[in-house]
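1. This is a predicted model, with the sequence first.
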Amino acid sequence: MGERWSLDPDRYFDPDATQRRVARELYEGVAGLPIVSPHGHVAPQLFADPNASFGSPAELFIIPDHYVFRMLYSQGISLDDLGVPRAGSSHPDGSGRSGGSGRSEPDGRRIWQTFADNFYLFRGTPSGAWLQHELIEVFCIEDKLSGDSAQVIYDQIEARLAQPAFRPRQLFKAFNIEVLCTTDAASDALDHHQAIRDSGWTGRVLPTFRPDAVVNLDTVGWRGHLDALAKAAGYEITSYARLIQALEERRVYFKRMGAHATDHAAQTAYTSELSSPEAEAIFSRALRAEATADDARLFTGHMLMEMARMSIEDGLVMQLHVGSFRNHNTELFAVYGADKGADIPVAAEFTRNLHPLLNKYGNDSRLSLILFNLDEDTYARELAPLAGHYPAIKIGPPWWFHDSMNGMRRYFDRIMETAGIYNTAGFNDDTRAFASIPARHDVWRRASANWVAGLVVRGVVDRQDGREMVNALAYGLAKRAYKLNEIAS
Amino acid sequence: MGERWSLDPDRYFDPDATQRRVARELYEGVAGLPIVSPHGHVAPQLFADPNASFGSPAELFIIPDHYVFRMLYSQGISLDDLGVPRAGSSHPDGSGRSGGSGRSEPDGRRIWQTFADNFYLFRGTPSGAWLQHELIEVFCIEDKLSGDSAQVIYDQIEARLAQPAFRPRQLFKAFNIEVLCTTDAASDALDHHQAIRDSGWTGRVLPTFRPDAVVNLDTVGWRGHLDALAKAAGYEITSYARLIQALEERRVYFKRMGAHATDHAAQTAYTSELSSPEAEAIFSRALRAEATADDARLFTGHMLMEMARMSIEDGLVMQLHVGSFRNHNTELFAVYGADKGADIPVAAEFTRNLHPLLNKYGNDSRLSLILFNLDEDTYARELAPLAGHYPAIKIGPPWWFHDSMNGMRRYFDRIMETAGIYNTAGFNDDTRAFASIPARHDVWRRASANWVAGLVVRGVVDRQDGREMVNALAYGLAKRAYKLNEIAS
Amino acid sequence: MGERWSLDPDRYFDPDATQRRVARELYEGVAGLPIVSPHGHVAPQLFADPNASFGSPAELFIIPDHYVFRMLYSQGISLDDLGVPRAGSSHPDGSGRSGGSGRSEPDGRRIWQTFADNFYLFRGTPSGAWLQHELIEVFCIEDKLSGDSAQVIYDQIEARLAQPAFRPRQLFKAFNIEVLCTTDAASDALDHHQAIRDSGWTGRVLPTFRPDAVVNLDTVGWRGHLDALAKAAGYEITSYARLIQALEERRVYFKRMGAHATDHAAQTAYTSELSSPEAEAIFSRALRAEATADDARLFTGHMLMEMARMSIEDGLVMQLHVGSFRNHNTELFAVYGADKGADIPVAAEFTRNLHPLLNKYGNDSRLSLILFNLDEDTYARELAPLAGHYPAIKIGPPWWFHDSMNGMRRYFDRIMETAGIYNTAGFNDDTRAFASIPARHDVWRRASANWVAGLVVRGVVDRQDGREMVNALAYGLAKRAYKLNEIAS
């Protein structure tokens, strides 16, 4: 199959020789730093059991990764053929994972072949870059992935996954991860996190408090989520006041379990405070399953303000992810459930929507509100001016579709001149694909080094300032924004 | 007049020597490919008569081209001075073209002089690049166009236009056009297309079905367009059901005449299905000239869904052009009519607007819905995520104001990482200026080669993948998206 | 403190050697041209008194400059610690400037130390670039500003400011300023401008007519501003008709005092004509302090049309600044007043909003309407197509947050292909920081040269055209757009 598959050591750097030389030097200064991963969706159970494994190559790379299978789906390949389990059924391999009911492809080799036959679709995409990095760097694959090489490569990955060195805890250390934060429902007992602590393993894996399912009244299955929260709280949640109490108590528990942050998703950044009677009235309508779409909107906007208040009181960093129209493909959602690559962004607005919250809490340095966004048009227009003024605001890294070489370039280009890098929060990998973490941080570190090199060769900053900036982007800003030096876990 | 006017052989490539070398190599691999022109506005009559000619230099380059005269108009030069005919009057040269009534400049040489005196206005614009390409490559002009050289150049163009080699059919072959699609009203008898077929000429010129004038109830002169459709259908269109019948029958006729696609323009991408009684009620209000603006909006949104249904049934590719506020300059429209450079874009929205259509038809691979857009903000935010998920969607090339070097760079930059190139539709020239077709495709091919070269020198794709990508962008994607290999015409 | 602090002579140019060489050559052709500053906020009193001085280094660089102190504030440094005066109190140094009431830091040296300790926050920002340029080029500072060097540099600046050569009038000449336009309330008696004229000093400092405070009915303190206008007019303004009369008369006065332009700020570009009775009704509600938010919106939209009418009649250029949510931080506004770095942009819309105004006046070349905007998304989508069609429209330079290297690159990238450079208005520094004027124009001239060099090396324009373009951008377009050659002042 020709010459050896490889990664360009100067990948993602500008081709100009002067800039490239500076970029490489800056990159080399941070390439070996530990990985700080303050926000993501890796399952904590991977680290709870010392012998946990990743399953088959298809289970590791394709079946759970909506970044990957959505691209194949867009070209007419069915999710069944990619092994994506249908909702409400258990997986045919008997593993207990939901799936199949006989319709989803059970054969990992056939799934892998379909993937490899269509690997050309990922040309020029971040998924393509991450996959190539994982295959070459983590799994030592030497042939380019294609329909021809598919089965040989499957064998090689399968063999490596069977080795102890490829278990999650071993890769965590091999990846040089200093801290990894998961995302956990407000009602979660955090059993896996407790098991990690009890096991004496030294990897730092921390929970993050995410109450969306109970705070957004229009969540599918809201009542079930509320009941789970009630169970975790130990009392029935019969009123808005009780909800607040339960959330405050769960935050205390999460914090005791090592959490540094909360996470909130909303379609818009709308905030506005309700009076207690208004909040009670909406909540009791929700309990009677009578809440309207407008109720849900108002309640979410109010709860964001409550969460800011609690963050000021308990010191948890507050993350807000805005702008995704979830489960846009109704038919697909009915069959396969959520997170199937059908979340589509919508335009966002922050200046007016955050006005109530910022007027109440924005001048308070105890609040650290990190904003994530899928609408890049708000970068220069709203986010950078807001973060360049309010002490409480930091801008999160380029998110989701924008977690890519070009997305990062646009992020640096549009945000940094107004906000400065010190009003940003470094990098998040935000991934559920654990094996892609080094690849994703590597892209960020290269993109940061290349951007700062561009400033150096244009005479905007000197070499020494440039080194400090790249170090901050690669490591320091994330630790500071998430207060990861402040609280021992 | 000094040194010879020329085109830089490396034009539009990045200046970095490494990238430029790769770009040139990639470009050379596709520069000679046949031109596929699946969407545009060239008049089919140019090819119906073997002896048709382009008229004078002013008639070829200025009078019909709103890209050109709008720029001169913006600097205070009147459309009359540029020979643009006033609506409803016939042209003073007796050719039968509408125009003048004695007020529009009849002298092509004077028009040309005004144009040449102000040719500096086009510095750095795509119109400037196309005009320079046409003058140098097609008409072999050797002096830079200016007020001084205007009349000599006029003589030279006029002399060439008198030669048989400069007739439309001869240029069609010289330009190496494999297929050229026109845009034709739903009521059009396609006489010119019939004449082309009857003549035995082998140039492939295909019609495209565009029903906007009858489907958008707020079209100026809607009733006249409906009557024309009725005449073509052979029966009165007295009901919504009859309208649907007529449209379906006309699609059959267009398809028999070689059409591969339909085309639809709307100010927004709004879609939503009406019940049949609702559709009938609105249509009967329209027949009584009582339809409201809201009726028109609802009806267009409904008819887009009907058109998607018909496309699934008959296989015609569906093009949707969104986002132009047509005839913004009311005074100019009253005097000169439509297409006078006064169509101004507005913000667009796809995620919510296309939700009804995509939920009904988006998972159906038989539908090929190609989206065109004037609001680049939707590229990364909405279009790429939609095309990167739904099997039915392809993204059309950068349109109109964005059909330019920078527009193409932004298009590649913002769309390809999320959608991948294989969810796009290659290039359209979309022009009514036939002589500019090679120039426009050349810009696209150079921009594609330069973009892919950027990926190669940054280690994102290897050389072999790069060659396949440029080939697809220059030729293959357009043929595939428009199914130009599938149906013999 | 190591090697000498310096400015890279090739700063802001692309690193590619070919482009850089062309950029440098083009830049050198305009670097020495006089500065035309047709819009800004420098206080005219600086030039009214031949012995006026800039005060202390803190008073020159920090206290009045919201670009500077907002960045420090965003990191939790209080405005008090930066010497920013609290509203309604006088400054503790007895100078008569408002400020302090004992809470704002009175010691310039301590303020300067705080600034220097945190100067790293400005890495990669335009404020950082301007400050470095001012310190090195204007004040001959040789050590890099930091916490360590702060006090030595304070001494050096203080010493220079005490020299006659550093008085405003002397710097005006040293900066090679050909003309400087201030911004003045409609009610302003223009005493300082009169004093400049009376003094026989030859510096050309011109007023600009800004009626926002009386035209926007929701201005805080509107009634006081109206009373000031009445006083200037010499009669009570008891009706809308009287308001129009007073504004027309004030325009005559401003024009006689040398004004070439008016300036208007509005949160949106909404325009729509009211009937006279409607306008009277709203105005009388405003006089009774009963005007609603909607009244204010309608009245502003109407008055913009009136201002366009007056501009056609009296020839004053009309500037419109759109898109800032002023005083977003309510608490800060209450304590410190306006212009404290808390003006946050919102999305803008021009196509529909300007439709009424453009349909009435857009075809009239006597109107020169210069549009400024904080929402870059409108650049390619709306502003460039509008300016590329309507004779009355010119696009102002990148404004405020976008007055930066990247902001300028995006501006050139998104606007010029459609509008052409000749539908733009050159550069404005828009600053109240007089000493930053050379730095700001230098960035623009370098950015222009670098952008045009990019066109030259890509074969888009030839060298001669490139030279003319850079000259126009650096000097000629501003003079033409503001008619600065036409009217003797």
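-> It's in.
2. Show me where the stretch 101-250 of chain A has its helices.
-> A:108-117, A:126-133, A:150-161, A:168-174, A:191-199, A:212-215, A:222-233, A:240-256 (DSSP state H, counting those that start in this stretch).
3. Quick one: residues in contact with the first one.
-> By Cβ atoms under 8 Å, 6 or more residues apart in numbering or on different chains, the surrounding residues in contact with helix A:108-117 are A:56-59, A:61-63, A:68, A:72, A:77, A:81-83, A:105, A:145-147, A:149-151, A:153-154. Yep, even glycine has a C-beta here, placed from its N, CA and C like the rest.
4. so where do the strands sit in chain A?
-> With strands called from DSSP state E, chain A shows them at A:35-37, A:177-181, A:184-185, A:205-206, A:209-210, A:261-266, A:317-322, A:324-325, A:344-345, A:369-373, A:393-395.
5. Next, the contact list for residue A:39, please.
-> Contacts for residue A:39 (Cβ under 8 Å, 6+ apart) come out as A:181, A:183, A:208, A:261, A:263, A:319, A:396, A:428-430.
6. residues contacting the closest residue to residue A:261 other than its chain neighbours?
-> Leaving aside its sequence neighbours, residue A:261 sits nearest to residue A:317 (Cβ to Cβ, 6 or more residues apart in numbering or on different chains; 4.0 Å). Listed by Cβ under 8 Å, 6+ apart, the contact partners of residue A:317 are A:260-262, A:311, A:368, A:370, A:481-483.
7. Check the gap between residue A:317 and residue A:208 for me.
-> When distance is defined by Cβ to Cβ, to the nearest Å, residue A:317 is 9 Å away from residue A:208.
8. can you list residues touching both of these two?
-> Common neighbours of residue A:317 and residue A:208, using Cβ under 8 Å, 6+ apart, are A:260-262.
9. Would you mind confirming that residue A:104 makes contact with residue A:87?
-> No. Using Cβ atoms under 8 Å, residue A:104 makes no contact with residue A:87, being 10.8 Å away.
10. of the contacts of helix A:108-117, buried ones?
-> A:56-59, A:61-63, A:68, A:72, A:77, A:81-83, A:105, A:145, A:149-150, A:153-154 (16 or more other Cβ atoms under 10 Å in any protein chain shown).
11. Find me the pLDDT at the residue of the stretch 51-200 of chain A found nearest chain B, would you?
-> The stretch 51-200 of chain A approaches chain B most closely through residue A:76 (4.2 Å), counting by Cβ to the nearest Cβ. Residue A:76 carries a pLDDT value of 97.
12. Can you tell me how far it is from chain C?
-> Distance, residue A:76 to chain C, by Cβ to the nearest Cβ, to the nearest Å: 33 Å.
13. Residue A:266 - how many residues pack around it?
-> Residue A:266 has 21 neighbours, counted by other Cβ atoms under 10 Å in any protein chain shown.
14. Roughly how far does it sit from chain C?
-> Residue A:266 is 19 Å from chain C, by Cβ to the nearest Cβ.
15. And the residue nearest to that residue when sequence neighbours are not counted, what's its pLDDT?
-> Excluding the flanking residues, the one nearest residue A:266 by Cβ to Cβ, 6+ apart is residue A:300, at 5.4 Å. Confidence at residue A:300, expressed as pLDDT, is 98.
16. tell me which parts of the stretch 1-150 of chain A are close to chain B?
-> A:7-8, A:10-16, A:70-71, A:73-76, A:120-126, A:129, A:144 (Cβ under 8 Å from any Cβ of the partner chain).
17. Can you pull out the low-pLDDT segments for the stretch 101-250 of chain A?
-> Scanning the stretch 101-250 of chain A for pLDDT under 70 picks out A:101-102.
18. coming back round to it: closest one of the contacts of residue A:39 to residue A:462?
-> residue A:396 (28.2 Å; Cβ to Cβ).
19. coming back round to it: CSV please, covering the shared contacts of residue A:317 and residue A:208 and showing neighbour count.
-> Listed next are these as CSV, based on neighbours: other Cβ atoms under 10 Å in any protein chain shown:
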residue, neighbour count
A:260, 24
A:261, 26
A:262, 25
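20. Determine the number of other residues adjacent to residue A:155.
-> For residue A:155, the count of nearby residues is 12 (other Cβ under 10 Å).
21. dump the residue contacts of it.
-> Residue A:155 neighbours (Cβ under 8 Å, 6+ apart): none.
22. For residue A:56, see how far away it is.
-> Separation of residue A:155 from residue A:56 (Cβ to Cβ): 11 Å.
23. Likewise for residue A:332?
-> 24 Å.
24. What's the local residue count around residue A:53?
-> Other residues near residue A:53 number 16, with proximity taken as other Cβ under 10 Å.
25. is it true that it touches residue A:170?
-> No. Counting by Cβ under 8 Å, residue A:53 stays clear of residue A:170, with 10.6 Å between them.
26. So which of the strands of chain A is the most surrounded?
-> Each of the strands of chain A was scored by mean neighbour count; the highest is strand A:344-345, a mean of 28, by mean count of other Cβ atoms under 10 Å in any protein chain shown.
27. quick one: is that one near chain C?
-> No. Judged by Cβ under 8 Å from any Cβ, strand A:344-345 makes no contact with chain C; its nearest approach is 14.7 Å.
28. what comes into contact with that strand?
-> Residues from elsewhere that reach strand A:344-345 (Cβ under 8 Å, 6+ apart): A:323-325, A:328, A:374-375, A:401, B:351, B:381-382, B:385-386, B:389.
29. how about JSON lines for these, with distance to chain C and pLDDT added?
-> Below are the contacts of strand A:344-345 laid out as JSON lines (distance: Cβ to the nearest Cβ, whole Å; pLDDT from 0 to 100):
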{"residue": "A:323", "distance to chain C": "14", "pLDDT": "95"}
{"residue": "A:324", "distance to chain C": "19", "pLDDT": "96"}
{"residue": "A:325", "distance to chain C": "18", "pLDDT": "97"}
{"residue": "A:328", "distance to chain C": "23", "pLDDT": "97"}
{"residue": "A:374", "distance to chain C": "15", "pLDDT": "97"}
{"residue": "A:375", "distance to chain C": "10", "pLDDT": "98"}
{"residue": "A:401", "distance to chain C": "17", "pLDDT": "97"}
{"residue": "B:351", "distance to chain C": "16", "pLDDT": "98"}
{"residue": "B:381", "distance to chain C": "11", "pLDDT": "98"}
{"residue": "B:382", "distance to chain C": "13", "pLDDT": "98"}
{"residue": "B:385", "distance to chain C": "18", "pLDDT": "98"}
{"residue": "B:386", "distance to chain C": "19", "pLDDT": "98"}
{"residue": "B:389", "distance to chain C": "24", "pLDDT": "98"}
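30. can you put those in a markdown table and add distance to residue A:240?
-> Listed next are the contacts of strand A:344-345 as a markdown table, based on distance: Cβ to Cβ, whole Å:
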| residue | distance to residue A:240 |
| --- | --- |
| A:323 | 27 |
| A:324 | 27 |
| A:325 | 28 |
| A:328 | 31 |
| A:374 | 30 |
| A:375 | 31 |
| A:401 | 36 |
| B:351 | 32 |
| B:381 | 35 |
| B:382 | 36 |
| B:385 | 36 |
| B:386 | 38 |
| B:389 | 37 |
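31. Let me know the closest of those residues to residue C:461.
-> residue B:381 (32.8 Å).
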